[in-house]
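A.B. asks: got a sequence here, can you model it:
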Amino acid sequence: MRIAIDGPASSGKSSVGRLVAEELGFGFLDTGLLYRAITRRAIDLGWFPVPTTAAEVAGVAYDQVRRDLTELASATDAQGSGLSFTIVVDGTPLSDAQLEAADVELFVPAVASIESVRDALRAVQRSVATRGGSVLAGRDIGTVVLPDAECKIFLDATAEARASRRATQRGYAVGSAEHQAILASLIARDAEDRARPVAPLIAATDAITIYTDEIALTDVVKQVVAEARRVAR
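C.D. replies: Modelled structure (predicted):
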C-alpha cells in the first residue's frame with residue numbers, strides 16, 4: 001500500500017507520516033528533503049548569491065542554473081529503508097541539520113518551482129514507493145507523484161496555527177518577533193506553493209482532508225491509520 005500525505009508547510013505532514021509508517025510497519029520519506037538537498041548543494045556551490053524568487057529563477061538569467069539544478073536532481077537518491085533515509089546528491093550525503101538550515105528555507109521555494117527538477121525527483125520518489133508499504137509526505141504526492149496511491153490524505157491548518165506550532169518547536173514565545181517572522185514566511189510560502197504553475201499545492205480530488213488546527217497529533221495519526229486500514233480491506 002502507498003499512502004500519500006500532502007499539505008502546506010508545518011501542517012504536520014512529516015510528524016504524522018513518520019508515526020503512521022511506524023504504526024503500520026511501512027517505509028517513510030519526507031519528499032521535501034529532496035528539494036532541500038539540491039538547494040543545499042546549490043548554495044554551497046555558490047549558484048545563488050542572493051535570495052531568489054520562483055519568478056526570477058524562471059527567467060533567462062537562470063537558464064544555466066536551472067540546467068545545473070536538474071543535473072543535480074538526476075544525481076539525487078534517497079538511500080536507506082524503513083524510517084531511515086539519507087538524501088545523497090551527486091555522491092554527497094547530507095545531514096538533517098544541513099537540510100534544515102535557515103538559508104535553505106530562503107531558496108527552496110524557487111528550486112521547487114523548476115519543472116525539470118520536479119520531473120527528475122519524481123523518479124526517486126516513485127522508486128521509494130515501490131519498496132514495500134510506503135508513506136510519502138509532500139505537496140504533490142497525491143496529485144502528481146502517486147496519483148494512483150491507495151490512500152490519500154491532505155493535512156491543513158490556518159497559517160496562524162502552523163506558525164504557533166513552529167515557533168513553539170523552535171523555542172520562541174507565541175507573539176514574539178520570531179513568531180511573527182515565521183508567520184510571514186509561511187504565508188509567503190503558501191502563496192508560492194499554491195500559485196506555481198508546476199504541481200501546485202492542492203488536495204487531490206479523492207483525498208481525505210483533515211484540519212489539524214485543534215487536533216492532537218496522536219488523534220490525527222489514528223485517523224490516518226484508520227483510513228489506511230479501511231481502504232486496505
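A.B. asks: residue 203 - how many residues pack around it?
C.D. replies: As a burial measure, residue 203 scores 17 neighbours (other CB atoms under 10 Å). Backbone N, C-alpha and C define where each C-beta goes, glycine included.
A.B. asks: also the one 3 residues further on?
C.D. replies: In terms of burial, residue 206 registers 10 neighbours under the definition other CB under 10 Å.
A.B. asks: wait, is it part of a strand?
C.D. replies: No - assignment of residue 206 by DSSP: H, G, I helix; E, B strand; the rest coil gives coil, placing it outside any strand.
A.B. asks: per-residue confidence for the residue nearest to it when sequence neighbours are not counted?
C.D. replies: Closest residue to residue 206 in three dimensions, ignoring its sequence neighbours and counting by CB to CB, 6 or more residues apart in numbering: residue 152, at 5.9 Å. Listed pLDDT for residue 152 reads 98.
A.B. asks: residue contacts, residue 105?
C.D. replies: residue 185 (CB atoms under 8 Å, 6 or more residues apart in numbering).
A.B. asks: send me the helix or strand harbouring it as PDB with only the CA atoms.
C.D. replies: Following DSSP states H and E, one finds residue 105 within helix 102-112. Provided in PDB are the C-alpha atoms of helix 102-112 (Å, rounded to 0.1, in the frame of the first residue of the first chain):
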ATOM      1  CA  ALA A 102      17.800  28.900   7.500                       C
ATOM      2  CA  ASP A 103      19.400  29.700   4.100                       C
ATOM      3  CA  VAL A 104      17.800  26.600   2.600                       C
ATOM      4  CA  GLU A 105      14.400  28.000   3.700                       C
ATOM      5  CA  LEU A 106      15.100  31.100   1.600                       C
ATOM      6  CA  PHE A 107      15.900  29.400  -1.600                       C
ATOM      7  CA  VAL A 108      14.000  26.100  -1.700                       C
ATOM      8  CA  PRO A 109      10.600  27.500  -3.000                       C
ATOM      9  CA  ALA A 110      12.500  28.800  -6.100                       C
ATOM     10  CA  VAL A 111      14.200  25.400  -6.600                       C
ATOM     11  CA  ALA A 112      10.900  23.500  -6.100                       C
END
